[in-house]
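Trainee: Output the structure for:
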Amino acid sequence: MKRTRTVPFVTHDAPELSAAVLAGGLGTRLRSVVSDLPKSLAPVNGQPYLAYLLDRLGRAGLDHVVLCVGYMAEKVRATFGDVYRGMRLSYSVEPRPLDTGGALRRALPLLDSRDVLVMNGDSFFESSLGDFAIWHFAHRSTASLLLAQVPDASRYGTVQVDGDGRVLAFREKTRPEAPGWINAGIYLLNREVLATIPRARPVSLEREIFPTLVGRGLRACHGRGRFIDIGTPESYARARVFFAGTASRAQGVLP
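Mentor: Residues are numbered from 1 along each chain as shown. As a prediction, this is how the structure comes out:
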């Protein structure tokens, strides 16, 4: 089995990490503005949205990323190939939509590390992945979420934690609009957690897996930085400004 190189920002027991990006969604809400591409390939300032996530993982030092793909999977593979800026890419293709948990369980045989960094393929959070990883290993957590503070949490629902980062509850979407801490779609999960996900059927990490881990070791780390998702035409339109200048900085990051 090929071993991933040690991620340079992690110092606790020299753990290794591979990453999975959940990029298999149908993107039905974006069809009115991006009709001929999967959501992960939606163009933002001249490059596919997924490139911003991969560039970020490359800067963090990861060298193996599994792309969990489904809808128009062949277009994603044709765009990025098997190596992207020094990172080895593997593809886990859903034969039918499996939701976030089902897609991740299908990808498990391709993930060659004890702990896996998981990222939603339609959101971006600037908070330090290094700080998150150090926090995760320092707390000896088996499942950790990264939280983002947003000015309007009504669209997402919020996550309630105690002073030591233990998740106490997930709050449903509410009105009126108010700021809050939301699930940013970035996780560090032990393989033992991934192995508990049922096989070969749609399973939601957010609705089915994480709630069962409340009170059983699920923790959440408060991150810092800007957050965006591209799940709706309105939020996708904001991505151009959000990533302004990022495309040029991303060029040549890795050899």
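
Trainee: Name the residues of stretch 97-108 that are buried.
Mentor: Leu98, Asp99, Thr100, Gly101, Gly102, Ala103, Leu104, Arg105, Arg106, Ala107, Leu108 (16 or more other CB atoms under 10 Å). The way it works is simple: take the backbone N, C-alpha and C, and place the C-beta from them, glycine included.

Trainee: Can you pick out the most distant pair from these?
Mentor: Taking CB to CB, the two most distant members of the buried residues of stretch 97-108 are Asp99 and Leu108; they sit 15.0 Å apart.

Trainee: Can you lay out the buried residues of stretch 97-108 as JSON lines showing distance to Leu37, pLDDT and secondary structure?
Mentor: JSON lines is the format used below for these (distance: CB to CB, whole Å; pLDDT from 0 to 100; DSSP: H, G, I helix; E, B strand; the rest coil):
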{"residue": "Leu98", "distance to Leu37": "20", "pLDDT": "96", "secondary structure": "coil"}
{"residue": "Asp99", "distance to Leu37": "21", "pLDDT": "95", "secondary structure": "helix"}
{"residue": "Thr100", "distance to Leu37": "20", "pLDDT": "96", "secondary structure": "helix"}
{"residue": "Gly101", "distance to Leu37": "25", "pLDDT": "97", "secondary structure": "helix"}
{"residue": "Gly102", "distance to Leu37": "23", "pLDDT": "97", "secondary structure": "helix"}
{"residue": "Ala103", "distance to Leu37": "19", "pLDDT": "97", "secondary structure": "helix"}
{"residue": "Leu104", "distance to Leu37": "23", "pLDDT": "97", "secondary structure": "helix"}
{"residue": "Arg105", "distance to Leu37": "26", "pLDDT": "97", "secondary structure": "helix"}
{"residue": "Arg106", "distance to Leu37": "23", "pLDDT": "97", "secondary structure": "helix"}
{"residue": "Ala107", "distance to Leu37": "22", "pLDDT": "97", "secondary structure": "helix"}
{"residue": "Leu108", "distance to Leu37": "27", "pLDDT": "97", "secondary structure": "helix"}
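
Trainee: Quick one: the strands in the stretch 101-250 of the chain, in order.
Mentor: With DSSP state E, counting those that start in this stretch as the criterion, the stretch 101-250 of the chain has strands at 115-120, 123-125, 143-150, 158-161, 167-171, 180-190, 218-222, 227-229.

Trainee: can you put those in a markdown table and add mean neighbour count?
Mentor: Putting these into a markdown table (neighbours: other CB atoms under 10 Å) gives the following:
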| stretch | mean neighbour count |
| --- | --- |
| strand 115-120 | 24 |
| strand 123-125 | 24 |
| strand 143-150 | 24 |
| strand 158-161 | 19 |
| strand 167-171 | 16 |
| strand 180-190 | 23 |
| strand 218-222 | 22 |
| strand 227-229 | 20 |
